[in-house]
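Trainee: Got a predicted structure here, sequence first:
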Amino acid sequence: MSRLAMKRLVLCIALSLALAGCSDNEGAGTGGQGRGDANAGKALAEQQCKGCHGVDGKGIGPAIPNLAAQRERYLFAALKEYAGGQRSHAALRDMAMTLGDREARNVATYYAGLTPIAPTATNAPMVSPFDRGKSVAEACTPCHGLDGNSKTPGTPNLAGQQPRYFVTALQEYLTGARNMAPMHGLIRDMSRRDMESVAIYFASQTPAARPASGNPTAGEPLTALCGGCHGAHGVGDDAAIPTLASQDPEYLVRSIKAYRTSRKHPEMQRAVPSLKDPDIESIAAYYAVQKGRPALDGQRLIEDITERCDRCHAGNIENPALAIPKLNGQDRDYLVMAMRSYRDNKRQNSAMHLMSVPYSDTVIDSIASVYATRPAK
């Protein structure tokens, strides 16, 4: 991934979090009718809300959000979205549908005026995906090297590989879509988060070009079709499409030929049959000598994301045009659930869905941990 593409990805992640919880209608916040009645809101909270959120605004269990000191505009917009079905929660929808605008505003005003909830021990500190991935990667070093640059012919380099593609490849070994028995034994006990973390670790390493026995010069013109997906010189910007630059040539030859028989990929299966064996060897030789680069900076990934999110979510300055929630001190499990809901299109906001698709579970977990352990304001 190019440095420019990395900046764009981080910006997309930051923007998606900056808009988390925003109403699709900019004017939805307080209905344009000012603040509500906190005393009336307290009475409603005691009747309908305290069973989950408490009178003090603290969620009574995991994945139940803290409401105390949350932005009033956001709370009102959230109630309207539950009532309108943009958010999926049966009990909350039934309750929200019984509230008129004035009652919803009163409840929002009440909870917004409460003292913030202090972080609890259940909001565990963040474990860096990069550090976790480095630990998991120790099992890979005998074949792939500590930094993901293999010294064994026929064994692929993992350094600089695109992270989403990497996870997909591991899952294909597990399901048998790729036939490599030793790999299956090594990764069968890995969790999804282990896979995502080790993908971030290897994506952050610098690949080393490999010597090629074929003819790189002959291979270059044959890569014209490949470049449309894999990028110029084998380095692309799509996290789901593999980087080919600096890859082991024997591994590339074997992989390309596999699309003739066992490996399934419609575009590759259409492209490969027209290639003769010497063509494939030349293509592999060309990509092997190209200079690769890290796909991302995993050591700064979470820091970069949260720094940009803080501009809207961490402070007390409220955008008068948007209903944006505070995240500091929020329940970690709730933050995880909310971000996954946008990613998986369970909250009806098309812009949020498109921008959050790149999030892996381990990145979402880490972002949630950062905000959950910060003091609320």
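Mentor: Nice, I can see it. Numbering: from 1, shown residues only.
Trainee: Got the domain ranges for this structure?
Mentor: The chain is divided into the following domains under automatic domain parsing: 3-124+299-372, 129-288.
Trainee: what would those domains look like in CSV with mean pLDDT and mean neighbour count?
Mentor: C-betas here are computed from N, CA, C, even on glycine. Converted to CSV, these look like this (pLDDT from 0 to 100; neighbours: other C-beta atoms under 10 Å):
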stretch, mean pLDDT, mean neighbour count
domain 3-124+299-372, 80, 18
domain 129-288, 92, 18
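Trainee: quick one: what helix or strand has residue 312 in it?
Mentor: Element membership of residue 312 [criterion: DSSP states H and E] is helix 301-313.
Trainee: what's the following helix or strand after that helix?
Mentor: Next along the chain after helix 301-313, taking DSSP H and E as the criterion, comes helix 332-343.
Trainee: May I have that following helix as CSV, with CA atoms only?
Mentor: Presented in CSV, the C-alpha positions along helix 332-343 are these (Å, rounded to 0.1, in the frame of the first residue of the first chain):
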residue,chain,number,x,y,z
ARG,A,332,-15.9,-1.2,25.7
ASP,A,333,-18.2,-3.9,24.6
TYR,A,334,-20.8,-1.4,23.5
LEU,A,335,-18.2,0.4,21.4
VAL,A,336,-17.2,-2.9,19.8
MET,A,337,-20.8,-3.7,19.0
ALA,A,338,-21.6,-0.3,17.6
MET,A,339,-18.6,-0.2,15.3
ARG,A,340,-19.2,-3.8,14.0
SER,A,341,-22.9,-2.9,13.4
TYR,A,342,-21.8,-0.1,11.1
ARG,A,343,-19.3,-2.3,9.4
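Trainee: How far does it sit from its chain's centre?
Mentor: How far helix 332-343 lies from its chain's middle: 11 Å, per C-alpha atoms, centre = their mean, to the nearest Å.
Trainee: That helix packs against which elements?
Mentor: Contacts defined by 3 or more C-beta pairs under 8 Å, 6 or more residues apart in numbering; DSSP states H and E place helix 332-343 against helix 350-356, helix 361-372.
Trainee: now with 10 Å?
Mentor: Applying 3 or more C-beta pairs under 10 Å, 6 or more residues apart in numbering; DSSP states H and E, one finds that helix 332-343 makes contact with helix 3-18, helix 350-356, helix 361-372.
Trainee: Okay, the closest residue in space to residue 238 that isn't next to it in sequence and residue 109: tell me how far apart.
Mentor: Distances taken as C-beta to C-beta, 6 or more residues apart in numbering place residue 162 nearest to residue 238, at 6.9 Å, with adjacent residues excluded. Here the criterion is C-beta to C-beta, to the nearest Å. By it, residue 162 lies 47 Å from residue 109.
Trainee: And for residue 266?
Mentor: Using C-beta to C-beta, one obtains 55 Å as the distance from residue 266 to residue 109.
Trainee: Please identify the helix or strand for the residue nearest to residue 75 when sequence neighbours are not counted.
Mentor: Excluding the flanking residues, the one nearest residue 75 by C-beta to C-beta, 6+ apart is residue 108, at 3.7 Å. Using DSSP H and E, residue 108 maps to helix 101-112.
Trainee: show me what contacts the nearest residue to residue 346 once chain neighbours are set aside?
Mentor: Spatial nearest neighbour of residue 346, excluding adjacent residues (C-beta to C-beta, 6+ apart): residue 88 at 5.7 Å. Residue 88 sits next to 81-82, 341, 346-348 when contact means C-beta atoms under 10 Å, 6 or more residues apart in numbering.
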